[in-house]
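Engineer: Prediction below, plus the sequence it came from.
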Amino acid sequence: MAYGTFIPKRAGREVASDPSVVTIASGETPAGQVQARGGELGAARARRWKSVGLVVVATVAATALYSQTNLVSDNVAEMVDLDDDDPYLTYTDECQYNCGGADLTTPAEVWSSDGVLEHTMKVRKARYHGPLSFNTRSYSKNGFPGPTLFVNPGDKVKLTLQNDLEYPTQADISWTGYEYTLATAFGACEPYSQPNMTSLHLHGMLISPNKKGDSAMRMCGPQEAIEYEFTIPEAHPSGTFFYHPHGDGSHSLQTAGLMAGMVIVNDQSSSASSDDAYDGKMLTTRTGNRVTSAHAQHMDDTLSLLSEVDDVPLLIQFQAIEATFKNYDFLSRCSHSSMPVEQVVYDGVSGYDFMLVNGWYKPKATMLKGVFQRWRFVNGASHRYLGFSVPDSCEAYAIASDGVYYDTPRAQTFIALSLGARMDVLIKCSEDVRLESEEPDWYSKNQYDHIFGSDPGFYEHHFMTVNITDTSDFTAADMAKAKASDEIAARIKAGTFATDSGYFGMDLTEGTDAEWAERTPAGGYVATDNMDDAGAAFYNPTLGDGVNTPTEWYTMNHKTYSGRISRRMRLNQLQIWNVTHQPETHMGHKKNHNWHLHTHHFQVMYATDDRGNVYTTSPMLDWQSGDWRDTVSVPANGTVWVRFKPTLYDGLLLHHCHIYNHETAGMKEMMSVVDCSASTMADTKAAVCSSLDDDSTDQMGMQVMMNMGSEGASKPTEDNTWPWVQQDTKYQCEEYIDYICTDNAMKMDYSSTLDWTR
């Protein structure tokens with residue numbers, strides 16, 4: 001196959017610097033890698049050339065203009081008016097910056113070049129300025145949010161995470177009074193620690209979790225730097241992803257403090273270029289779909305049109321003024337951060353919490369009248385769902401979720417994103433509109449409570465305005481966008497809007513759970529190189545809360561996270577999971593949770609609520625049965641039924657609630673993906689066990705060997721020998737490797753009580 005890259009087109013004002021003040025240093029990234037494009041605060045532009053289905057970008061040297069200041073601004077200090085009732089907040093009736101109504105801009109951009117993306121992210125102290133101003137941490141030069149990374153399938157990525165934060169990472173800073181007494185008594189603050197430790201997680205991307213890949217175990221301490229280096233698979237979906245910190249005790253604080261950024265895997269054109277991709281009737285697409293040549297042409301035409309309309313990244317984040325576990329200041333005190341927060345809140349802010357769009361409070365976006373824009377929503381909020389009804393004067397189609405294209409566009413009257421979720425939407429409007437986030441309004445309060453509970457809940461307020469540019473003011477470039485938009489609308493109507501949809505050519509929806517249980521060998525796993533012969537593995541993870549504490553402590557399978565591997569799964573074997581909310585406390589029954597699987601996407605089969613209602617379409621209209629997702633909302637006291645295959649990479653795998661403080665407080669589990677194919681097991685035995693003595697008189701049974709206790713553990717280990725179990729014989733070594741791949745070692749069993757016959 002031959003592939004070309006479609007480069008997204010930026011809307012109106014394009015990229016400008018962020019709504020914040022950040023202390024920076026020069027020379028932080030390789031020359032030519034960062035573009036801070038357009039707008040009043042940035043000076044760079046891009047020139048675009050087109051050639052036979054390929055759009056490329058040439059970068060003009062640019063300098064992002066950022067104010068340099070001390071951590072606490074003198075202007076902020078001058079306008080505070082201390083409220084004696086709250087020692088942690090100061091209030092002002094003046095708001096000098098980012099107070100609502102500013103023009104929406106998009107973050108700085110980092111593009112790959114010649115198959116490589118190389119960038120350094122420096123984590124530094126910063127002060128966010130807006131309706132709630134505070135000291136926090138940011139990705140240095142890129143502010144809030146961090147830069148958007150643009151990559152292509154097959155690219156090599158080299159990221160350096162440089163932690164310029166300081167020791168001490170924790171200090172006992174004068175938090176006193178009843179709040180601290182209660183928090184200490186309940187142990188509610190125990191999960192939150194090491195606020196200046198950080199890491200990087202590329203949410204939703206299928207990249208190696210090992211070594212310098214997307215490893216959840218690698219931490220970067222103050223004054224340290226660690227490298228991430230990996231290659232994006234050629235068949236990786238084109239779409240919208242994002243990154244954020246993932247330090248075990250610190251990421252709730254850091255994400256609430258607005259540390260996040262987007263990743264966009266660029267669209268790729270495709271055409272048949274070799275006989276092995278074409279059998280005379282069908283083509284194999286880059287991601288593994290089998291399509292006709294006519295459909296492949298529709299795909300290329302569609303992607304070309306999408307590259308002509310404005311492409312608008314929209315990273316949603318959240319701030320709360322109320323002192324709870326949703327609040328950055330409270331989490332900072334809970335973790336004993338050595339960085340004073342020094343909050344200043346504008347009296348005119350709406351309510352006690354608010355949404356930010358690309359760092360802006362209630363920004364103003366521009367749109368050409370009746371012309372589609374592609375909005376790439378990312379819900380990077382620490383604690384709120386986003387949902388809004390599409391205004392009557394607008395028309396919207398969802399074309400992708402969680403970085404994976406749908407088979408066909410879906411007309412949307414309501415757009416909703418759970419925490420960590422993404423959705424790509426084609427939207428056009430004919431008049432100015434205010435977008436108001438709200439709960440789904442087609443449920444009664446009783447119905448809503450039985451699906452969504454009361455936490456984390458939907459944000460409920462105005463979050464963005466869209467101002468329309470009339471057709472009489474269109475430029476020649478605007479007319480070209482309008483033409484592409486009209487062709488997109490015609491293709492949607494005709495059914496010829498086509499994309500390389502799905503996930504690595506897989507469809508795992510066939511067969512009921514019971515049928516898959518029957519296909520699974522009753523005598524246990526027998527090593528094979530065709531994992532379809534191994535049937536399926538079944539698992540029912542339960543999301544709960546600590547029975548002896550308030551619900552600031554959470555559990556996975558009735559245990560808080562320990563950092564140890566809890567289960568194993570076989571590489572490339574079908575996984576059938578039923579993710580259930582099973583609370584133990586009164587408050588726990590009022591919550592729902594947002595489940596995220598690292599590295600791999602899963603196919604949603606259906607969901608059930610606590611009344612037994614079955615949903616093949618999401619209660620918040622963000623998925624349909626068969627959709628590929630990496631994050632999904634689990635109904636309060638209900639279950640989501642999913643299927644996936646861990647593919648390409650073995651190694652450690654996390655799954656957890658994506659409500660950040662729920663995860664930090666224990667609702668996650670570490671698993672290990674093991675390559676149990678016959679050929680890999682044979683190679684492993686040859687490499688690890690071959691140097692041991694082959695004592696045929698010591699043929700112990702598996703159960704005897706596994707019950708040996710510590711006998712032999714103190715024997716010296718020679719170079720290139722098996723050091724982790726009793727290593728007396730080659731036989732014992734090989735038996736132990738066999739054991740790792742047995743059903744007993746996997747701990748996943750089918751239960752008919754968790755099956756629903758479709």
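Structural biologist: The structure has been received and is ready for your questions. Numbers count the residues shown, from 1 in each chain.
Engineer: Please make it C-alpha for all contacts and neighbour counts, starting now.
Structural biologist: Fine.
Engineer: Which neighbouring elements make contact with the top strand by length along the chain?
Structural biologist: In terms of residue count, the longest strand belonging to the chain (DSSP state E) is strand 116-128. When contacts are defined as 3 or more Cα pairs under 8 Å, 6 or more residues apart in numbering; DSSP states H and E, strand 116-128 sits against strand 20-22, strand 109-111, strand 132-138, strand 156-163.
Engineer: what's the angle from it to strand 132-138?
Structural biologist: Orientation of strand 116-128 against strand 132-138 (axes from the mean of the first three to the mean of the last three Cα atoms, to 10 degrees) gives an angle of 150 degrees.
Engineer: starting at the chain centroid, how far to strand 116-128?
Structural biologist: The chain centre lies 18 Å from the centre of strand 116-128; the measure is Cα atoms, centre = their mean, to the nearest Å.
Engineer: pLDDT of that strand, averaged?
Structural biologist: Averaging pLDDT along strand 116-128 gives 94.
Engineer: what bridges to residue 170?
Structural biologist: On the basis of DSSP bridges, residue 170 is bridged to residue 337.
Engineer: hang on, residue 294 in a helix?
Structural biologist: Yes. Counting by DSSP: H, G, I helix; E, B strand; the rest coil, residue 294 is part of a helix.
Engineer: and it, what is it in contact with?
Structural biologist: Shown in contact with residue 294 (Cα atoms under 8 Å, 6 or more residues apart in numbering): no residues.
Engineer: next one: residue 673
Structural biologist: Contacts for residue 673 (Cα under 8 Å, 6+ apart) come out as 568, 569, 570, 571, 646, 649, 650, 651, 652, 653.
Engineer: Need the three-state assignment for the second one.
Structural biologist: Secondary structure, three-state DSSP: residue 569 is strand.
Engineer: and it, bridged to which residues?
Structural biologist: With DSSP bridges as the criterion, residue 569 is bridged to residue 673.
Engineer: That one and residue 743 touch, don't they?
Structural biologist: No. Using Cα atoms under 8 Å, residue 569 makes no contact with residue 743, being 9.4 Å away.
Engineer: Who has more neighbours out of the two?
Structural biologist: Per other Cα atoms under 10 Å, whichever of residue 569 and residue 743 has more neighbours is residue 569, with 28 against 18.
Engineer: Could you check how far the more buried one is from residue 671?
Structural biologist: 7 Å (Cα to Cα, to the nearest Å).
Engineer: same thing with residue 557?
Structural biologist: 13 Å.
Engineer: again with residue 733
Structural biologist: Applying Cα to Cα, the value for residue 733 to residue 671 is 23 Å.
Engineer: neighbour-wise, which of the two wins?
Structural biologist: residue 733 (23 against 19).
Engineer: Could you grab the helix/strand/coil label for that one?
Structural biologist: helix.
Engineer: same deal with residue 680?
Structural biologist: helix.
Engineer: who are the neighbours in contact with it?
Structural biologist: Taking Cα under 8 Å, 6+ apart, we find residue 680 in contact with no residue.
Engineer: Mind pulling up the pLDDT for it?
Structural biologist: On pLDDT, residue 680 comes in at 96.
Engineer: could you measure it against residue 196, distance?
Structural biologist: Distance of residue 680 to residue 196, computed by Cα to Cα: 40 Å.
Engineer: cool, and residue 124?
Structural biologist: On the measure of Cα to Cα, residue 124 and residue 196 end up 10 Å apart.
Engineer: Next: residue 352.
Structural biologist: 27 Å.
Engineer: Who has more neighbours out of the two?
Structural biologist: Shown here are residue 352 and residue 196; by other Cα under 10 Å, residue 196 has more neighbours (30 against 10).
Engineer: Need the pLDDT of the more buried one.
Structural biologist: pLDDT, residue 196: 94.
Engineer: Quick check: chain neighbours aside, which residue is closest to it?
Structural biologist: In this structure, residue 196 finds its nearest non-sequential neighbour in residue 169, 5.1 Å apart by Cα to Cα, 6 or more residues apart in numbering.
Engineer: beta partners for the closest residue in space to residue 432 that isn't next to it in sequence?
Structural biologist: Nearest residue to residue 432, sequence neighbours excluded (Cα to Cα, 6+ apart): residue 467, at 4.7 Å. Assessed by DSSP bridges, residue 467 has beta-bridge partners residue 366.
Engineer: wait, isn't residue 467 in contact with residue 364?
Structural biologist: Yes. Look at residue 467 against residue 364 with Cα under 8 Å: they come within range, at 6.9 Å.
Engineer: and the gap between the residue nearest the centre of the chain and residue 421?
Structural biologist: Centroid-nearest residue in the chain: residue 203, 3.2 Å away (criterion: Cα atoms, centre = their mean). From residue 203 across to residue 421, the span is 9 Å (Cα to Cα).
Engineer: and if you look at residue 140?
Structural biologist: Using Cα to Cα, we find residue 140 at a distance of 25 Å from residue 421.
Engineer: Compare these two (neighbour count), which wins?
Structural biologist: The neighbour comparison of residue 140 against residue 421 (other Cα under 10 Å) goes to residue 421, with 31 against 24.
Engineer: Quick one: residues contacting the spatially closest residue to residue 403 that is not a sequence neighbour.
Structural biologist: Setting aside the residues directly before and after it, residue 403 is nearest to residue 239 in space (Cα to Cα, 6+ apart), at 4.0 Å. Residue 239 sits next to 264, 265, 266, 267, 400, 402, 403, 404, 405 when contact means Cα under 8 Å, 6+ apart.
Engineer: if we go to 6 Å?
Structural biologist: Shown in contact with residue 239 (Cα atoms under 6 Å, 6 or more residues apart in numbering): 264, 265, 403.
Engineer: Just put those in TSV and tack on secondary structure and distance to residue 146.
Structural biologist: Output for the contacts of residue 239, formatted as TSV (DSSP: H, G, I helix; E, B strand; the rest coil; distance: Cα to Cα, whole Å):
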residue	secondary structure	distance to residue 146
264	strand	13
265	strand	16
403	coil	19
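Engineer: Now rank those residues by neighbours and give me the top one.
Structural biologist: residue 403 (31 neighbours).
Engineer: Surely it and residue 240 touch.
Structural biologist: Yes. The pair residue 403 / residue 240 is scored as a contact, 4.5 Å apart, by Cα atoms under 6 Å.
Engineer: could you point out the longest helix in the chain?
Structural biologist: Secondary structure of the chain read by DSSP state H shows that its longest helix is helix 476-494.
Engineer: Can you name every helix or strand that it contacts?
Structural biologist: Helices and strands touching helix 476-494, by 3 or more Cα pairs under 6 Å, 6 or more residues apart in numbering; DSSP states H and E: there are none.
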